[in-house]
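Trainee: Following is a predicted model, sequence given first.
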Amino acid sequence: MTNVLAYTARAYASNLRIILFFSLSLIIAFLIPLLAFFPTYNDMGAIFVRTASELLNLNAFTFSVIVLSVFFSLVFLSFAIVAINIIVKHGRTHVRIRKEVLEGLEKYTSRVFVVLLLFTLLLSIFNLAVYLLGLPAYVYYIITLLIIPFFFYTPSSIVIDDLRIIRAMQMGTKFFFKRFDYFLLWLFIAIVALTFFDAIFLALSHTLISSYAMLIFNAVFIVPFLVLLQSEMYMKRFAMLKR
């Protein structure tokens, strides 16, 4: 685990300028839902939709806005994830990023987009089902935890292994359960980082400004680091890199 953190920190520091550039896509992805005309709120650097308000105010216009907002947000998010994974693949294999890889950026982005879209649709369907059936909120959280293994490493597998979606999902799921400790480490770091910096921004300003500042900070620094860490963890699947 120490090696993974060391590789991630080194890759993050050496590619900071490029990562910050791709963070612009993350900022756009985060801001689109926030600026859309349906009930949202942000907390700890993330954006959430109010399910009850969404249902009560749902009509053809709001539905169109939701669909378009989710679509474009996932497009920008997919692009950033693919770009960061390419950086990791380049850095760990010491192979130049070939022209065909850059040209294949569209292919990788489209595949990752489909994966994220499927994940989003599944979460939305289960969220609405839990709400409409009047089930406790923890049921939704349990379902989410059951779904995550099938999607967690799939974007990394698509880029690093150059696989199609189904095969990438199979490889990613297999690695997820094989090194479940990596996921626990990733989750721990994510919780600590988000909690720590959210507390700092709240201490600096208890106004609405702090939540927006945290949102931008999360998109620019925390999320790219977590994607980088996720990719570095997946790279440990290769025997030649386990030393």
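Mentor: Now that the structure is in, tell me what you want to look at.
Trainee: What residues of stretch 110-118 count as buried?
Mentor: Residues 111-113, 115-116, 118 are the ones in stretch 110-118 that count as buried (16 or more other Cβ atoms under 10 Å). For every residue, glycine as well, the C-beta is placed using N, CA and C.
Trainee: Ala193: how many residues sit nearby?
Mentor: 17 (other Cβ atoms under 10 Å).
Trainee: swap in Ile125?
Mentor: 11.
Trainee: What of Ser78?
Mentor: 24.
Trainee: do the same with Phe196
Mentor: 10.
Trainee: What residues sit buried inside the helix or strand containing it?
Mentor: Using DSSP states H and E, Phe196 sits within helix 180-204. The neighbour-count check on helix 180-204 (16+ other Cβ under 10 Å) flags 182-183, 185-186, 189-190, 193-194, 197-198, 201 as buried.
Trainee: in what helix or strand does Ile216 lie?
Mentor: Going by DSSP H and E, Ile216 is in helix 208-217.
Trainee: do Val67 as well
Mentor: helix 60-93.
Trainee: helices and strands around that helix, which ones?
Mentor: When contacts are defined as 3 or more Cβ pairs under 8 Å, 6 or more residues apart in numbering; DSSP states H and E, helix 60-93 packs onto helix 2-14, helix 16-35, helix 105-132, helix 154-160, helix 223-235.
Trainee: Run through who's touching the second one.
Mentor: Yep, that's helix 16-35 we're talking about. 12, 40, 42, 47, 49, 69-70, 72-77, 79-80, 83-84, 87, 215-216, 218-221, 223-224, 228 (Cβ atoms under 8 Å, 6 or more residues apart in numbering).
Trainee: 7 Å - rerun?
Mentor: 12, 40, 42, 47, 69, 72-73, 76-77, 79-80, 83-84, 87, 215-216, 219-220, 223-224 (Cβ atoms under 7 Å, 6 or more residues apart in numbering).
Trainee: same thing with the first one?
Mentor: Under the criterion Cβ under 7 Å, 6+ apart, residues 19, 87-88, 91, 225, 228-229, 232-233, 236 lie in contact with helix 2-14.
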